[in-house]
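Trainee: Give me the fold of what follows.
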Amino acid sequence: MIRTALVSVLCVLAILMVVPQVTQAIDSLYEQKMARGVLAFESGKFPEAAVEFQAALSEKPDDPAATLYLGITQSRSGDPQAEVTLKKAVGLNPKDARANFELGVLYYQRNIPEEASDYFETAASLSPGSEIAARSQEFKKASGERMGAKAKPWSLSLGVQEQYDSNVVLSAPGAVLPQGISQKSDYAAVALLDGRYRFLSGPKGNLSAGYGFYRSWHRDLTEYDVIRHALDLRGGIPLSSIVSLEAAYIFEYVELSSEMFSYSHGVGAGVTVREGKDYFTSLRYQYRHAGYGNAALYPTNSDRDGDNHLVGLTQRASFGKNLSASAGYAHDEDRAKQAWWDAKGDKGFVAIGISMPHRTSMGFYGEYYQKKYDAVAPGFTVLRDDRTTTLSATAGISFTDRYGLYVVYVYVKNDSSIPELEYTRSITSATLTARF
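Mentor: Next up, the predicted model:
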């Protein structure tokens, strides 16, 4: 009995003495093979390096460092197993920026920019301010350019919006502002849809067709619910490396409380001159014919039927990757069925866009528009002269490349020579968007 116990103790002591020695031997062999592999890799001897890293893995199976180095070596040498190995390296350590970066490089080299972009984005987020982050951003931009070159011909954007309007008027985005002001506030839910199909896109020119839909549901003022349909056909051709021509046709149909409020056809043409890498000047002309429907809320709406001519000049510029701005001037003239709707307008505007970290952005817009009418309208004794100031601010965040949230505040103040037509209005809205 005593002999048996003594033998057991001696065995345990032997194991305790041998195991550390074995472990140390394994660690030593692993480190030697990793060192030889790194030396061969840095010398460009990829087949030799791969053998050493595989040998290191035989000592320590599923070791993250050896797996990553093997994957990088296979990627550099064009081994088809590189994808499997690098994916395993990411799986072993998902927060390893280098593993994500190298898998992105592999997909970029295989011309799979969508996959590459995701891994570059992850690598950059895991090591902010590092060299890997900087290189990941460069590769991500290049991947985006490749995606643009092979982009699908269609795009679709959906939005759901909640808004508060301090002074509901008969209008929808892009529609001509009617002359009826409710002087009432209300909440509204809005559905948005924008789709586009590109028939042609490239250095030789572009041609696309689009459809936009807007639908509002007011909580209380349901008679002001708006439905808007818009169709357009746009195209452009480069005349040289710095000059291009653009043209467009636009059709719009607006319903108010399920009755036709207006429709319009418009054609336009423009020329854009590129003065530098990030500076553009555009000159455009637009003709628009509009028809208006009469209803209980607007019994003389059809008096406004007629044509509009517009010329405008816009200067656009980018300052680095995160700041863009534009400013412009436009002059337009209305010629309507009734002379008191004839008018001339002058507009000046400026816009600023700012891209910020963490997929956030901000935008600011300011506009001043003066419109002078040619004849005195029935019921008034002076010529109408409106001066409208519009200011807006936008803050947005993109949760992913597909989903985002935007909050917008718009303030409008109309000063008029006719006191009854003066008003102020503010709209605050939050919109959830999905892009496909």
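Trainee: what about A56, which SS state?
Mentor: Put simply, A56 is helix when judged by DSSP: H, G, I helix; E, B strand; the rest coil.
Trainee: sorry, that was for K321
Mentor: Following three-state DSSP, K321 is assigned to coil.
Trainee: Quick check: phi and psi at it.
Mentor: Note on K321: its backbone torsions stand at phi -90, psi -10 [degrees, to the nearest 10].
Trainee: Let me see the contact set for the spatially closest residue to it that is not a sequence neighbour.
Mentor: In space, not counting the residues next to it along the chain, K321 is nearest to S355; the distance is 7.0 Å by Cβ to Cβ, 6 or more residues apart in numbering. To be clear about C-beta, it is placed using only N, CA and C from the backbone, and glycine gets the same treatment. Neighbouring residues of S355 by Cβ atoms under 8 Å, 6 or more residues apart in numbering: 321-323, 361.
Trainee: With pLDDT, neighbour count and distance to V169 added, can I get those in TSV?
Mentor: What follows is the contacts of S355, written out as TSV (pLDDT from 0 to 100; neighbours: other Cβ atoms under 10 Å; distance: Cβ to Cβ, whole Å):
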residue	pLDDT	neighbour count	distance to V169
K321	73	9	38
N322	86	12	35
L323	92	12	33
S361	95	16	28
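Trainee: Looking at these, spot the one nearest Y30.
Mentor: Nearest to Y30, judged by Cβ to Cβ, of the contacts of S355 is K321 at 43.9 Å.
Trainee: where's the residue nearest to K321 relative to G320, distance?
Mentor: Separation of S355 from G320 (Cβ to Cβ, to the nearest Å) stands at 9 Å.
Trainee: ok, now how distant is S302 from F261?
Mentor: S302 is 11 Å from F261, where distance means Cβ to Cβ.
Trainee: and for those two, which residues touch both?
Mentor: Shared contacts of S302 and F261 (Cβ under 8 Å, 6+ apart): 292-293.
Trainee: and those two? which has more neighbours close in?
Mentor: Taking neighbours as other Cβ atoms under 10 Å, S302 and F261 compare with F261 leading, 25 against 15.
Trainee: circling back to that earlier point, distance to S244 for the contacts of S355 - can I get that in JSON lines?
Mentor: Below are those laid out as JSON lines (distance: Cβ to Cβ, whole Å):
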{"residue": "K321", "distance to S244": "23"}
{"residue": "N322", "distance to S244": "25"}
{"residue": "L323", "distance to S244": "24"}
{"residue": "S361", "distance to S244": "27"}
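Trainee: Would you tell me which one of these comes nearest to R215?
Mentor: Closest approach to R215 among these (Cβ to Cβ): S361, at 25.9 Å.
Trainee: Helix or strand: which one has that closest one?
Mentor: Per DSSP states H and E: S361 is located in strand 360-373.
Trainee: need the next SSE after that strand, C-terminal direction.
Mentor: Next along the chain from strand 360-373, counting by DSSP H and E, comes strand 385-398.
Trainee: How about that following strand, which residues are buried there?
Mentor: Buried residues in strand 385-398, counted by 16 or more other Cβ atoms under 10 Å: 386, 388, 390, 392, 394-396, 398.
Trainee: pLDDT-wise, what's the bottom of the residues you listed?
Mentor: Least confident by pLDDT among those: that is S398, with 92.
Trainee: Can you tell me the SS state at Q74?
Mentor: Per three-state DSSP, the local secondary structure of Q74 is helix.
Trainee: Check G104 too.
Mentor: The three-state label given to G104 by three-state DSSP is helix.
Trainee: Find the nearest non-adjacent residue to it, please.
Mentor: Spatial nearest neighbour of G104, excluding adjacent residues (Cβ to Cβ, 6+ apart): Y119 at 3.4 Å.
Trainee: if I read this right, that neighbour contacts A97, doesn't it?
Mentor: No. Counting by Cβ atoms under 8 Å, A97 is not a contact partner of Y119; they are 10.1 Å apart.
Trainee: These two: which has the busier surroundings?
Mentor: The residue with more neighbours, out of Y119 and A97, is Y119; 25 against 19, by other Cβ under 10 Å.
Trainee: what about I242, how many neighbours?
Mentor: I242: 12 surrounding residues under other Cβ under 10 Å.
Trainee: show me what contacts it?
Mentor: 273-275.
Trainee: And for H229?
Mentor: Shown in contact with H229 (Cβ under 8 Å, 6+ apart): 211-213, 252-254.
Trainee: a markdown table for those, including neighbour count and pLDDT?
Mentor: Below are the contacts of H229 laid out as a markdown table (neighbours: other Cβ atoms under 10 Å; pLDDT from 0 to 100):
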| residue | neighbour count | pLDDT |
| --- | --- | --- |
| Y211 | 14 | 98 |
| G212 | 19 | 97 |
| F213 | 14 | 97 |
| E252 | 21 | 97 |
| Y253 | 15 | 97 |
| V254 | 25 | 95 |
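Trainee: the strands in the stretch 101-250 of the chain, which residues?
Mentor: For the stretch 101-250 of the chain, strands defined by DSSP state E, counting those that start in this stretch occupy the ranges 154-165, 186-202, 205-218, 226-238, 243-256.
Trainee: The third one: which residues count as buried?
Mentor: In this case it means strand 205-218. Quick answer for strand 205-218 (16+ other Cβ under 10 Å): 206, 208-210, 212, 214-216, 218.
Trainee: What of the shortest one?
Mentor: By neighbour count, and taking 16+ other Cβ under 10 Å as the criterion, the buried residues in strand 154-165 are 157, 159, 161, 163, 165.
Trainee: export these to TSV and tack on pLDDT and distance to K372?
Mentor: Listed next are the buried residues of strand 154-165 as TSV, based on pLDDT from 0 to 100; distance: Cβ to Cβ, whole Å:
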residue	pLDDT	distance to K372
S157	96	37
G159	97	36
Q161	97	34
Q163	96	31
D165	94	28
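Trainee: Reformat the residues you listed as a markdown table; add distance to A56.
Mentor: Below are the buried residues of strand 154-165 laid out as a markdown table (distance: Cβ to Cβ, whole Å):
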| residue | distance to A56 |
| --- | --- |
| S157 | 50 |
| G159 | 53 |
| Q161 | 57 |
| Q163 | 61 |
| D165 | 67 |
